[in-house]
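> Sequence first, then the predicted structure, then my questions.
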Amino acid sequence: MQIADAQIIPSRFFPSFSDFARSSVFFDVDGTLLDIKPSPQDVVADVGLKALILHLIAKLDGALALISGRSIADVDRIFRPLLLPTAGLHGAEIRLPNGSHRYADSKAMDHARPSVHRFVADNPGLVLEDKGATLAVHYRMRPELASHVLSFMSSFAPADDIAIQEGKFVVELKPALYDKSTAIAEFCAIPPFIGRTPIFIGDDLTDEVGFAYVNAHGGASLRIGYPEVSTLAHYLLPDPEHLRVFMAGLLDFDGDEDVRP
């Protein structure tokens, strides 16, 4: 789908509230629910957003999950005290609604890790996120190094166990077996998500596979921000604040509720 084909203002995103209540909703985190910050550790969910999420969970009978490139531990830090069904590291680790976990194996990155650390040290302004099972090099402070970073990281992929994932000012190495579509599919196969219409909301290249999955399964896809390239998303909203207003309006939520541990 070309950008022009997506509806900029999704006023008809769902024809009725009852249709939304029968859906399962999957959110990316950075750039979707929350604005991207210069440092990943600067991102923290405010009380109003956490209250809105709790309201959504109640209306969806629990069928809400976060699908992030961050680790589950880092997602928990952002949304503390909430512990939500979450897929982390692009699906390489997952926490199901019953609390059970599948953790990622970091061994796939062991042969790449020393070289990536040296590469970042040799290029001031680059930022390395070593998340164990994934390695992400951020070049937001050195955008002129974009092609250099991509070329270096591509030297490790494609491989049987490693794939490369591009994002907003970041290139990441991740386990090849997992992506955001596999994470959504895993949730959709279990209660309370099973049998519901899947909706995925994201903002980045990492989310396009998720858009493809929900589109193919009769769902809906919403991309936050206006991409410079084509997107598979059905709908667009400009930023996380517009998403929050849209969701609050859909649920007739006034934002005055508190979040308690």
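Yep, it's here. Numbers count the residues shown, from 1 in each chain.
> for the stretch 1-150 of the chain, which spans come out with low pLDDT?
Scanning the stretch 1-150 of the chain with the threshold set as pLDDT under 70 gives 1-18.
> mind listing the helices for it?
Ranges of helices within the stretch 1-150 of the chain are 17-21, 47-59, 72-79, 113-121, 146-154, based on DSSP state H, counting those that start in this stretch.
> Can you tell me the SS state at residue 165?
Applying DSSP: H, G, I helix; E, B strand; the rest coil to residue 165 yields a three-state assignment of strand.
> surely it meets residue 176?
No: between residue 165 and residue 176 there is no contact under CB atoms under 8 Å: 10.1 Å. The way it works is simple: take the backbone N, C-alpha and C, and place the C-beta from them, glycine included.
> the more surrounded of these two?
Remark: of residue 165 and residue 176, residue 165 carries more neighbours, 21 against 16, as counted by other CB atoms under 10 Å.
> separation between the nearest residue to that one once chain neighbours are set aside and residue 150?
Closest residue to residue 165 apart from its sequence neighbours, by CB to CB, 6 or more residues apart in numbering: residue 172 at 4.5 Å. With distances taken as CB to CB, to the nearest Å, residue 172 is found 11 Å from residue 150.
> Compare those two (neighbour count), which wins?
Per other CB under 10 Å, whichever of residue 172 and residue 150 has more neighbours is residue 172, with 21 against 14.
> So for this structure, the centremost residue is which one?
Ranked by distance to the mean C-alpha position of the chain (CA atoms, centre = their mean), the top residue is residue 28 at 2.6 Å.
> Now for the residue lying closest to that one once chain neighbours are set aside, how many residues are close by?
Counting by CB to CB, 6+ apart, residue 202 is the residue found nearest to residue 28 once chain neighbours are left out, at 3.8 Å. Neighbourhood size, residue 202 [other CB under 10 Å]: 28.
> Touching stretch 213-221 from outside, list them.
If you take CB atoms under 8 Å, 6 or more residues apart in numbering as the criterion, stretch 213-221 is touched by 13-14, 23, 26, 180-181, 184-185, 188, 197-202, 210-211, 232-235.
> and that stretch, average pLDDT?
Averaged over stretch 213-221, pLDDT sits at 93.
> Now do the end-to-end distance for it.
9 Å (CA to CA, to the nearest Å).
> For that stretch, which residues meet the burial criterion?
213, 214, 215, 219, 220, 221 (16 or more other CB atoms under 10 Å).
> Can you name the two of these that sit furthest apart?
213 and 220 (11.7 Å; CB to CB).
> quick revisit: so of the buried residues of stretch 213-221, which ones are in helices?
In helices, judged by DSSP state H, the following of the buried residues of stretch 213-221 are found: 213, 214, 215.
> Which of the residues you listed sits closest to residue 113?
The closest of those, once distances to residue 113 are taken by CB to CB, is residue 213, at 30.0 Å.
> ok, for residue 247, nearest residue in space, not its chain neighbours?
Nearest non-adjacent residue to residue 247, counting by CB to CB, 6+ apart: residue 52, 6.3 Å away.
> residues near the one you found, how many?
The number of residues packed near residue 52 is 22, by other CB under 10 Å.
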